[in-house]
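Novice: next comes the sequence, and after it the predicted model I'd like to discuss.
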Amino acid sequence: MSSRVSNPNQWFVPYHLASDVLSEASVEDIAQKYEPNWMPETNKLERVFVQTLESKNTWSMMLKEVKNWRAYALDVTRRSGKTNKAGEDDMKKL
């Protein structure tokens, strides 16, 4: 659950949010489900951390920088030159 900081600059959302986005849940449904506990209202938001479960026991993290419109995919499957095409496509969609 999110901390009770009155005006946070970061959101740490659960991996279920990524699953809902990728399954094309409506923005309204996502907002209703996640805003109360995970995305408190703020005017200082700088970063959003989104976990994704790629496959059994394989996690990755996406960092979205709000002000710079940048996204970083932190993916353990990218080591040794290996890639996960499905995971990369999901990160682009998110």
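Specialist: Ah, there it is.
Novice: so what sits opposite Thr58 in the bridge?
Specialist: Ser55 (DSSP bridges).
Novice: any weak-confidence spans in this structure?
Specialist: For the chain, applying pLDDT under 70 flags the ranges 1-6, 75-94.
Novice: any idea which residue sits dead centre in it?
Specialist: Taking CA atoms, centre = their mean as the criterion, Val50 is the residue nearest the geometric centre of the chain, at 2.0 Å.
Novice: how many residues are close by Met62?
Specialist: 19 (other CB atoms under 10 Å). Glycine gets a C-beta too; all of them are placed from N, C-alpha and C.
Novice: quick check: it touching Glu54?
Specialist: No - taking CB atoms under 8 Å as the definition, Met62 is not a contact partner of Glu54, at 11.5 Å.
Novice: give me the buried positions along the one helix or strand Ser19 maps to.
Specialist: Following DSSP states H and E, one finds Ser19 within helix 15-22. Within helix 15-22, the residues that qualify as buried are Leu17, Ala18, Asp20, Val21, counting by 16 or more other CB atoms under 10 Å.
Novice: and stretch 37-56, by the same measure?
Specialist: Trp38, Met39, Pro40, Leu45, Arg47, Val48, Val50, Gln51, Thr52, Glu54.
Novice: can you redo those as TSV with secondary structure and distance to Trp11?
Specialist: Shown next, in TSV, are the buried residues of stretch 37-56 (DSSP: H, G, I helix; E, B strand; the rest coil; distance: CB to CB, whole Å):
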residue	secondary structure	distance to Trp11
Trp38	helix	6
Met39	coil	5
Pro40	coil	8
Leu45	coil	7
Arg47	strand	8
Val48	strand	5
Val50	strand	9
Gln51	strand	12
Thr52	strand	15
Glu54	strand	21
